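1. Next one to model:
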Amino acid sequence: MEVTDKMIDHLAHLARLEFNGDRKERIKSDLTKIIGFVDQLSTVDTEGVEPLIFMTDSINVLREDVQQDTITQAEALKNAPVHDSDYFKIPTVLKQ
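-> Residues are numbered from 1 along each chain as shown. Below you'll find the model as predicted:
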């Protein structure tokens, strides 16, 4: 795959970046090296190798989801800097 100035300009536009002069040439050189490195994977013999779907053979090693009451509402509100009888109060985030 050939890395062209047009490709660099397109990638820069997508990433909302701007490359000029020497920086554009350095990015072009780096991208060419990266593509060349990844292209080496096509030379690897993968005949008979099963595709990797999961990283482990473990199946459903999740704990049982059990509800527990660990803290009361009053205890939760006790350390809040600002609260009313039922809720935490925070500064307004969205203005109408």
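2. And the nearest residue to Glu18 once chain neighbours are set aside, how far from Lys6?
-> Across the structure, with Cβ to Cβ, 6 or more residues apart in numbering as the measure, the residue nearest Glu18 apart from its sequence neighbours is Ala12 (6.1 Å). Any C-beta I mention is one placed from the backbone N, CA and C, and that applies to glycine too. Taking Cβ to Cβ, to the nearest Å as the measure, Ala12 falls 11 Å from Lys6.
3. more neighbours, these two?
-> Set side by side, Ala12 and Lys6 show more neighbours around Ala12, with 16 against 8, by other Cβ atoms under 10 Å.
4. buried residues in the lengthiest helix in the chain?
-> Scanning the chain for the longest helix, with DSSP state H as the assignment, gives helix 21-39. Along helix 21-39, these residues count as buried under the neighbour rule (16 or more other Cβ atoms under 10 Å): 27-28.
5. Quick one: mean pLDDT for it?
-> Helix 21-39 shows a mean pLDDT of 93 in the predicted model.
6. Give me the contact list for that helix.
-> Contacts with helix 21-39, where a contact means Cβ atoms under 8 Å, 6 or more residues apart in numbering, come from 1, 3, 5, 8, 19.
7. what about 7 Å?
-> With Cβ atoms under 7 Å, 6 or more residues apart in numbering as the test, helix 21-39 has contacts from 1, 3, 8, 19.
8. and that helix, how far out from the chain's middle?
-> The chain centre lies 23 Å from the centre of helix 21-39; the measure is Cα atoms, centre = their mean, to the nearest Å.
9. Which SSE is immediately downstream of that helix?
-> Towards the C-terminus, the helix or strand next in line after helix 21-39, according to DSSP states H and E, is helix 73-78.
10. buried set for that following helix?
-> Of the residues in helix 73-78, those with enough neighbours to count as buried (16+ other Cβ under 10 Å) are Leu77.
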